[in-house]
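> A predicted structure for the sequence below; I have some questions about it.
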Amino acid sequence: MSAREILVLSREAMPAGWLPREGAVALAWERVAAWLDAAAAACRWMARAEAERDPRWKQPIPYLLLRDAGGAVAAYERAGREGRLHGLWSVGLGGHVERTDERPSVAATLLACARREIAEELELGPADPPELRFLGVVNEDVTEVGLVHWGLVLEARCGTRPRPGPELGGLRWLRSEEAAALPLERWSRLALGLLAETHASGRPAMRGAAAEGG
């Protein structure tokens, strides 16, 4: 059986300002998408086991903050495949970009991954797709996990609270300040700060082809 391949980006080719040692950067999706598509040569498919050991490459991860109509944030305790994060709480749904997500452009590929993750992790009817809003990026080069990953943070707003899948057992809906009081993984703490920073700006939701990853 062939090794599982995931999308990676050359760290050297990425804008330095998008890779703080530990921080979040508010960005417009149009700017990020334009860079991703222009820098397609800096992207490649790599066996996941190899990518996890090579900090010259960053694994882009769509990181979705799930919110209900009242603004509550979904939080859950980590217990999935990433053992290095077990025991910590998260407000982000996300995963690696895989070959099955591939679309004609890099930006569309990342959004297809985001939609797949939502479909896999939540029980949502076809008439109730979440409204997506891109907030920016998060990065930390402090931990072993952070060195090889890069988060693209999206708010996913649902009209009704979806039922969680098996990996999200114990999912709780909390006010942002309640979620911030939990023992959170680093990305979640950064993403909550980004949410607070950008939401007052009234950034529009992603619609049409952009929202669908097409």
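Great, that's in hand.
> only C-alpha atoms for contact and neighbour calcs from this point on.
OK.
> spatially central, which residue of this structure would that be?
Tyr63 (1.4 Å; C-alpha atoms, centre = their mean).
> can you report how many residues lie near His199?
His199: 13 surrounding residues under other C-alpha atoms under 10 Å.
> pLDDT at it, what is it?
His199 carries a pLDDT value of 70.
> which residues in this structure form helices?
29-38, 48-51, 106-121, 176-180, 186-199, 208-212 (DSSP state H).
> so which residues of this structure form strands?
5-10, 22-26, 43-47, 57-67, 73-77, 89-90, 92-94, 122-123, 131-140, 149-157, 163-164, 172-174 (DSSP state E).
> distance of the spatially closest residue to Asp141 that is not a sequence neighbour relative to Gly136?
Once flanking residues are discounted, Asp141 sits nearest to Leu147: 4.5 Å by C-alpha to C-alpha, 6 or more residues apart in numbering. Relative to Gly136, Leu147 is positioned 18 Å away (C-alpha to C-alpha, to the nearest Å).
> and Leu66, by the same measure?
Leu66 is 15 Å from Gly136, where distance means C-alpha to C-alpha.
> more crowded one of the two?
More neighbours surround Leu66 than the other of Leu66 and Gly136, with 25 against 22 (other C-alpha under 10 Å).
> who is that one paired with across the strands?
In this structure, Leu66 bridges to Ala156 when assessed by DSSP bridges.
> would you check that it makes contact with Val73?
Yes: using C-alpha atoms under 8 Å as the test, Leu66 is close enough to Val73 to be in contact (5.9 Å).
> shared neighbours, these two?
Shared contacts of Leu66 and Val73 (C-alpha atoms under 8 Å, 6 or more residues apart in numbering): Val91.
> okay if I get the helices of the chain as a markdown table plus distance to Glu140?
Formatted as a markdown table, the helices of the chain follow (distance: least, C-alpha to C-alpha, whole Å):
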| stretch | distance to Glu140 |
| --- | --- |
| helix 29-38 | 18 |
| helix 48-51 | 16 |
| helix 106-121 | 20 |
| helix 176-180 | 18 |
| helix 186-199 | 8 |
| helix 208-212 | 27 |
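> which stretch among the ones you listed comes nearest Ser90?
Checking these against Ser90 by C-alpha to C-alpha gives helix 186-199 as the closest, at 5.6 Å.
> what angle do strand 131-140 and the closest one make with each other?
Here helix 186-199 runs at an angle of 130 degrees relative to strand 131-140 (axes from the mean of the first three to the mean of the last three C-alpha atoms, to 10 degrees).
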